[in-house]
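Here is a sequence with its predicted model. Questions after.
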Amino acid sequence: MVLYYAPRRAAETSHVVYVGADKHENERLIAHGLPHDVWFHVDALSSAHVYLRLRPGETWDDVAEDELEDCAQLVKANSIAGNKINDVWVIYTPWENLLKRGDMAVGQVSFVDEKLVRRTKVKTRSNEIVNRLNKTKEERFPDLQAEKEEYERGVREEKKRAYHESERRRKEEERLRLEEAEARDYKHMMNEEKMKSNKELAKKYASVEEAEDDFM
């Protein structure tokens, strides 16, 4: 089971917060996250794994301060030890930076690059924020693998479409370039400065018969 929450301005941003119901569900979330997911956890303490799903193409730099506060408060509230103390540090990183090795315990993760981990401090629990988020909570049983496969299929289709569009533009630009080159060559062949009228040509000859003889 996965728990879903609506962060502030969710109607505008389409962002969604989701949380694994237990450590086994967290394993599935780790395996089937998406590139535009941001992972949150209480630093150095046990807590829920909280994800903020952004829109495709967005990065963790697009996370607003109020969304960051919502996720941090939700992580603290879902940490047995962290919920009891003040000045709790919450860490967060892009889903793609999560590292899961075979020798790790269930639900445990590390990071590909420690430099891509940020920290934010939660001084105290905000019941106002936690209660607001809990009012939006929904329990679902999604097929995470199917959702990820559908997303990846869409990415491949978009790349294919972009490639074909790029090729179409390239061929069109090549066609126009060749047409312009041919037009320049034709204009050179028909150089008006080198062209003479019939009247000018006639001045070279004393008679029509002489001109015709020269032509023949």
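Yep, that arrived.

any weak-confidence spans in this structure?
Scanning the chain for pLDDT under 70 picks out 186-216.

please redo it, this time with the cut-off set to 90
Along the chain, segments meeting pLDDT under 90 span 21, 23, 102, 106-108, 158, 162, 175, 177-216.

okay, which residue is most central for it?
Centroid-nearest residue in the chain, with C-alpha atoms, centre = their mean: residue 57, separated by 1.9 Å.

check which helix or strand covers that one.
Here residue 57 is covered by no helix or strand, with elements defined by DSSP states H and E.

Domain map for the protein?
Using automatic domain parsing, the domain ranges for the chain come out as 2-142, 144-192.

so which of those is the most packed in?
Neighbour counts (mean count of other C-beta atoms under 10 Å) averaged over each of these peak at domain 2-142, with a mean of 16. To be clear about C-beta, it is placed using only N, CA and C from the backbone, and glycine gets the same treatment.

now it, how far from the chain's geometric center?
Mean-position distance between domain 2-142 and its chain equals 20 Å (C-alpha atoms, centre = their mean, to the nearest Å).

got the contact list for the nearest residue to residue 97 once chain neighbours are set aside?
Distances taken as C-beta to C-beta, 6 or more residues apart in numbering place residue 116 nearest to residue 97, at 4.6 Å, with adjacent residues excluded. Shown in contact with residue 116 (C-beta atoms under 8 Å, 6 or more residues apart in numbering): 93, 94, 97.

you'd agree residue 92 is up against residue 60?
Yes. Counting by C-beta atoms under 8 Å, residue 60 is a contact partner of residue 92 at 7.2 Å.

Pull up the overlap in contacts between the two.
When contacts are counted by C-beta under 8 Å, 6+ apart, residue 92 and residue 60 have 38, 118 as shared neighbours.

And the strands in the chain?
Ranges of strands within the chain are 2-5, 16-20, 37-42, 50-53, 88-94, 98-99, 110-111, 118-122, 138-140, based on DSSP state E.

Just the helices from the protein, written as ranges.
10-13, 23-31, 65-77, 127-135, 144-189, 198-202, 208-215 (DSSP state H).

Can you add distance to residue 83 and give the ones you listed back as CSV?
Below are the helices of the chain laid out as CSV (distance: least, C-beta to C-beta, whole Å):
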stretch, distance to residue 83
helix 10-13, 24
helix 23-31, 17
helix 65-77, 6
helix 127-135, 9
helix 144-189, 27
helix 198-202, 101
helix 208-215, 106
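
of all these, which lies closest to residue 46?
Closest approach to residue 46 among these is made by helix 23-31 (9.3 Å; C-beta to C-beta).

Can you get me the start-to-end distance on stretch 23-38?
Using C-alpha to C-alpha, to the nearest Å, the end-to-end distance of stretch 23-38 comes to 18 Å.

do the same with stretch 78-91
14 Å.

Adjust the sequence numbering to begin at 11 for everything that follows.
Shifting the count to begin at 11 puts that one at stretch 88-101.

re the thing from before, so which of the strands of the chain comes closest to residue 189?
strand 98-104 (47.4 Å).
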